[in-house]
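# make a model of this:
(chains A and B)
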Amino acid sequence: MKIQAKVATASSATARILGAAALSLITLFILFSLIRPASAMEIKQVKSPGGIEAWLVESRQVPLLALRFAFVGGSTQDPEGKAGVANFMSAMLDEGAGDLDSATFQERMEDIAMRMSFEDSRDTFYGSMETLSENRDAAVELLKLALTKPRFDQDAVDRIRRQLMANLAYEAKSPDRLASRTWYETAFKGHAYGVSPTGDEKSISAITRDDLEAYRKSNFAKSNLKVVAVGDIDEAALGKLLDEVFGALPEKADLAPVAEVEPVKGNGYNVVEMDVPQSVAMFGMGGLKRKDPDFMAGFVLNHILGGGGFSAILMEEVREKRGLAYSVYSYLSPMDHSSIYLGSVATKNESIAESLEIIRKELTRIAKDGVSEDDLKNAKSYLTGSYALRFDTNTKIASQLLGILVEDMGIDYVTTRNAQVEALTVDDLKKAAARFLKPDDMIVVVVGKPNGLKGL
Amino acid sequence: MRKTGIRRFPHVVATLLLSLMITATQTHSAAFAEDSKARASSFTLDNGLEVIVVPDTRAPVVTHMVWYRVGAADEPKGASGIAHFLEHLMFKSTEKIAIGEFSKIVARMGGQDNAFTSQDATAYFQRIAKDRLADVMAMEADRMVNLRLTEKEVLTERDVILEERRSRTDNNPGAILTEQMDAALYYSHPYGTPVIGWSHEIASLDQHDAIDFYKLFYAPNNAILVVAGDVTVDEVRRLAQETYGKIPANNKMKLKRERPQEPPHLVARRLTLNDPRAGKASMHRFYLAPSYVTAAKGEAEALDVMMKILASGSTSRFYKKLVVEKQLASSAGGWYYGDGYDSGKVSMYAVAADGVGLPEIEAEIDGLIADIARDGVTEAELKRAKSSLTAEYIYGIDSQSTMARRYGWAAVVGQSASDVESWPDDINAVSAEQVKAAAAKTLQLTRSVTGYLVPEAAVPTAQRAHDMKPADKG
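Below you'll find the model as predicted:
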């Protein structure tokens, strides 16, 4: 992401009310992106002359190329005391490279109508490049420079640091962000997953250009690279592009091992006092990992419980029947070394206790009784029928396929996924529920001035 | 070309498309001549429904939207929020659709649906497999005139909207300041009232307000149908005739939008919001501006170009001066909102670096504004800005939803498909002289509101001290 978008200041949030509201759901949609469908599109496996592999979907109708790639590692690779390095890096790669200083690099990108952005998650560092076909060579050159010769000039490092600090100040006062941050800190205390990818004031102050360079050298390598290309390019040209951009990277990433971990068991409400009219709660517990045989059943179970917009049980009970909230949802979020089931609700301080009680009751009921045949049938018809909607633009196809690559689900996932959904039974969902849906273990973080909630 | 609106349910995909920062060049305009021209076809049914078809055969899916030429700015005085409230209530029931079933039926067909309301438009849409288009057209046509409401579901939904307002605005000091600045920017025009409505007015709305508003504005002769995706014009024409075509026009409808217009603005306005919940101190400014609808030819395009050069992105003058060179701000930016029916707006902001006072930042911004109004822009800046803006258009062609929104929005404010398709050429035609003239004319303090957001509690006045209640004991 460009820094202006990534560093949500108080003011950019006011300029983009929609964007700010929607950001809270991004994780949900990223999750969906792992669970994608099939269509008539052909996915080719490409291997460059230099041995770099990628998936390609050729699409000649619009003269654009979308390239998405990932380096497995993410913010878990931030060194001790330097939390936020990966995030810092995601804002620094287009801040000058090779002979081009920051301003020149940015102007060059605009001159060739190129889009380039980077973003980190706990497990992965993502990159994205889009270009018009006719400017492809120039765009490739800039992307290569960004990945292999970023300058990390001191003035640019300090400038981005100020933006990251402003972002932290905003995050500290944003009920949603603070609730999420606190939830992970609580669930994964003592583990890399418990450390916020955005770091804190102390760690961001401590990060130097050497830290950025060290992260780049150890994390950007061929062994942990995944690449997808969609658009106006053929196999031979893509092979050449892959070697050009990634060919100079080291063979093997030098990643710090990350221990497998389960979230701690919760035992009450963790209240963070903030003087706002509406409390924001995050609730969650352990989930199922992506390659768990019960994952798909868990995914569909969540769709019925909290993932499926107006069809979901939590939406029905909290919003539609009682008018307690605008937004209430949950999602199953597998990570490389753990997995969680996480949800959120926002409601006025007077109603948060009631809303959380309803959620707990529904979770308990579903854990005990499972879902109905009708619920499952409806969920299947949505999940299988809507699957083509995830593949209707070049950029969406690229994101979906990269998700499948990163999760190592195999190239045929796109064609077999709907059958996996169709094959599920209510008993499968019940079994999955027994594996993770444990309301007594729920960690609940509430930010606001909740009435009638007892803190820890 | 930014759209503002609020929707029934947060939906990230479309939103991100609207908020992405984009970069580009103009060298591509020739190569894209094919793609940027004449993608849409339009026709009108006998009952007045305007229809726009945007073919995109890459995937077997369609985006089906119905836009009404009504928004928050058309609400009766004192009933703010009713346009958006009605948008939520449109998902309740008709004789054919049971309470709350609309979205569930769409989901069972493998589709996604949502809706949004802005000052000038209310739109409903589904994204679905193409073989389901006829079904969603029938459902959408049904609720155009057959909505049923009961008191209980209306009051429950009103609570949802009050929660939505808390999430969007009351929990967010930046949003509160924006709302107050808009209220100060417009003396008479309803754009000064928030789309979601003022809390106390939302709290007084009921089903009669909703039904009255519905009967007044929802009819085929006040609507636009947009279908983008794997369809032909003939298919859409036939399906539209069979569904929407059966609804008679409402001949009593007042089709001309007549809203109170602004008197001359003679005094600069200033506001300060002290709120400990703000992150860093920030300075914001709005200017009243013409919109694409109200501007003289080329003027709105010049404002888009001007704001790109002055304030948008890290190649802008704001960023270079305030963030890079003088380090007064950690971020700074600005945009031109040219999509309004009656008025546009220029918006800018800067977040103060630690230890820097807002007046110092404001003085620097005023200096940059004076520069551009006096000396204009360079040819290099002009070229780059045009590239960026026209590329935004071209990248949007990849997205069916973006295309549907583009054409729908234009139609709802009275513009044509060819206005949409000629936009890149119109941007490329802007001269440096026009940019300078637009800056000098628009960026006048007498037509502005300046807002400070200060992350400390204000010193309590005697009045406030008097109002204070004992602290909560929990």
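
# can we go C-alpha only for contacts and neighbour counts from here?
Noted.

# okay, domains of the chain per the record?
Here I'm looking at chain A. According to automatic domain parsing, chain A comprises the domains A:3-246, A:268-448.

# please refer instead to chain B.
What automatic domain parsing lists as the domains of chain B is B:6-246, B:269-454.

# reformat those as a markdown table; add distance to A:N267, mean pLDDT and mean neighbour count.
Shown next, in a markdown table, are the domains of chain B (distance: least, Cα to Cα, whole Å; pLDDT from 0 to 100; neighbours: other Cα atoms under 10 Å in any protein chain shown):
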| stretch | distance to A:N267 | mean pLDDT | mean neighbour count |
| --- | --- | --- | --- |
| domain B:6-246 | 27 | 88 | 20 |
| domain B:269-454 | 29 | 96 | 21 |
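
# wait, which of the ones you listed is closest to A:V258?
domain B:6-246 (31.0 Å; Cα to Cα).

# and the domains of chain B: which comes nearest A:K252?
Across these, closest to A:K252 is domain B:6-246 (Cα to Cα), at 33.5 Å.

# how far away from the center of its chain is that closest one?
12 Å (Cα atoms, centre = their mean, to the nearest Å).

# try stretch A:260-279
Counting by Cα atoms, centre = their mean, stretch A:260-279 comes out at 21 Å from the chain centroid.

# dump that stretch to PDB, restricted to CA.
Extracted in PDB, the C-alpha atoms of stretch A:260-279 (Å, rounded to 0.1, in the frame of the first residue of the first chain):
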ATOM      1  CA  GLU A 260       3.300 -23.200  16.700                       C
ATOM      2  CA  VAL A 261       0.900 -21.500  19.200                       C
ATOM      3  CA  GLU A 262      -2.600 -21.600  20.400                       C
ATOM      4  CA  PRO A 263      -4.400 -18.500  21.700                       C
ATOM      5  CA  VAL A 264      -4.800 -18.400  25.500                       C
ATOM      6  CA  LYS A 265      -8.100 -19.300  26.900                       C
ATOM      7  CA  GLY A 266     -10.200 -16.200  27.900                       C
ATOM      8  CA  ASN A 267     -12.100 -15.900  31.100                       C
ATOM      9  CA  GLY A 268     -14.100 -12.700  31.100                       C
ATOM     10  CA  TYR A 269     -14.200  -9.200  29.600                       C
ATOM     11  CA  ASN A 270     -11.000  -7.300  29.000                       C
ATOM     12  CA  VAL A 271     -12.200  -3.700  29.000                       C
ATOM     13  CA  VAL A 272     -10.100  -0.900  27.700                       C
ATOM     14  CA  GLU A 273     -11.700   2.400  28.800                       C
ATOM     15  CA  MET A 274     -12.200   5.000  26.200                       C
ATOM     16  CA  ASP A 275     -14.600   7.900  26.300                       C
ATOM     17  CA  VAL A 276     -16.700   7.100  23.200                       C
ATOM     18  CA  PRO A 277     -20.500   6.700  22.800                       C
ATOM     19  CA  GLN A 278     -20.200   3.300  21.100                       C
ATOM     20  CA  SER A 279     -18.200   0.300  22.500                       C
END
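
# which residues touch the nearest residue in space to B:L445 that is not next to it in sequence?
Leaving aside its sequence neighbours, B:L445 sits nearest to B:A268 (Cα to Cα, 6 or more residues apart in numbering or on different chains; 5.3 Å). Residues in contact with B:A268 (Cα atoms under 8 Å, 6 or more residues apart in numbering or on different chains) are B:L445, B:T446, B:R447, B:S448, B:V449, B:T450.

# same thing with B:P173?
In this structure, B:P173 makes contact with A:A10, B:D275, B:R277, B:A278, B:L453, judged by Cα under 8 Å, 6+ apart.

# so which of these belong to strands?
Mapping the contacts of B:P173 onto strands (DSSP state E) picks out B:L453.

# out of the contacts of B:P173, which two sit at the greatest distance?
Pairwise distances across those (Cα to Cα) peak at 11.6 Å, for the pair A:A10 and B:D275.

# what residues does the stretch 251-400 of chain B have near chain A?
Neighbours of chain A within the stretch 251-400 of chain B, by Cα under 8 Å from any Cα of the partner chain: B:277-280, B:282, B:284, B:313-315, B:323-324, B:327, B:330-331, B:349-351, B:353, B:384, B:387-388, B:391, B:395, B:397-400.

# one more pass at 6 Å, please.
B:R277, B:G279, B:S330, B:R384, B:D398, B:S399 (Cα under 6 Å from any Cα of the partner chain).

# for the stretch 101-250 of chain B, same thing?
B:104, B:107-108, B:110-111, B:156-157, B:159-160, B:163-164, B:171, B:174-175.

# I'd like those as CSV, with secondary structure appended.
Below are these laid out as CSV (DSSP: H, G, I helix; E, B strand; the rest coil):
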residue, secondary structure
B:K104, helix
B:A107, helix
B:R108, helix
B:G110, coil
B:G111, coil
B:T156, helix
B:E157, helix
B:D159, helix
B:V160, helix
B:E163, helix
B:E164, helix
B:N171, coil
B:G174, helix
B:A175, helix
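
# which two among those are spaced furthest apart?
Greatest spatial distance among these (Cα to Cα): B:R108 and B:G174, at 38.8 Å.

# list the contacts of stretch B:216-232.
Contact with stretch B:216-232 is made by B:48-57, B:60-69, B:249, B:404, as judged by Cα atoms under 6 Å, 6 or more residues apart in numbering or on different chains.

# coming back round to it: what separation do you get for the residue nearest to B:L445 and chain A?
Using Cα to the nearest Cα, to the nearest Å, one gets 21 Å for the distance from B:A268 to chain A.

# backbone phi and psi for that residue, please?
The phi and psi torsions at B:A268 (degrees, to the nearest 10) take the values phi -70, psi 140.

# re earlier: okay if I get the domains of chain B as JSON lines plus distance to A:P250?
Listed next are the domains of chain B as JSON lines, based on distance: least, Cα to Cα, whole Å:
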{"stretch": "domain B:6-246", "distance to A:P250": "31"}
{"stretch": "domain B:269-454", "distance to A:P250": "31"}
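
# burial count for the closest residue in space to A:T208 that isn't next to it in sequence?
If the residues on either side of it in the chain are set aside, A:T208 comes closest to A:V157, at 7.9 Å by Cα to Cα, 6+ apart. Residues lying near A:V157 (other Cα atoms under 10 Å in any protein chain shown) number 20.

# A:V157 in helix, strand or coil?
helix.

# separation between B:L368 and chain A?
18 Å.

# check contacts around the closest residue to chain A within the stretch 301-450 of chain B.
Closest approach of the stretch 301-450 of chain B to chain A (Cα to the nearest Cα) occurs at B:S330, with a separation of 5.0 Å. Taking Cα under 6 Å, 6+ apart as the criterion, B:S330 is in contact with A:R162, A:Q163, B:V323, B:V351, B:A353.

# what about those residues, which are in strands?
Judged by DSSP E, strands contain the following of these: B:V351.

# got a markdown table for the contacts of B:S330, with distance to A:A253 too?
Below are the contacts of B:S330 laid out as a markdown table (distance: Cα to Cα, whole Å):
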| residue | distance to A:A253 |
| --- | --- |
| A:R162 | 30 |
| A:Q163 | 29 |
| B:V323 | 35 |
| B:V351 | 38 |
| B:A353 | 37 |
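
# now for the contacts of B:S330, which pair is the farthest apart?
Between all members of the contacts of B:S330, the farthest pair (by Cα to Cα) comes out as A:R162 and B:V351, at 10.4 Å.

# now A:K396. Nearest residue, chain neighbours left out?
A:K396 sits nearest to A:R390 (Cα to Cα, 6+ apart), 6.3 Å away.

# tally of neighbours for that neighbour?
19.

# just the one 3 residues further on next, same as before
By other Cα under 10 Å, 20 other residues sit near A:T393.
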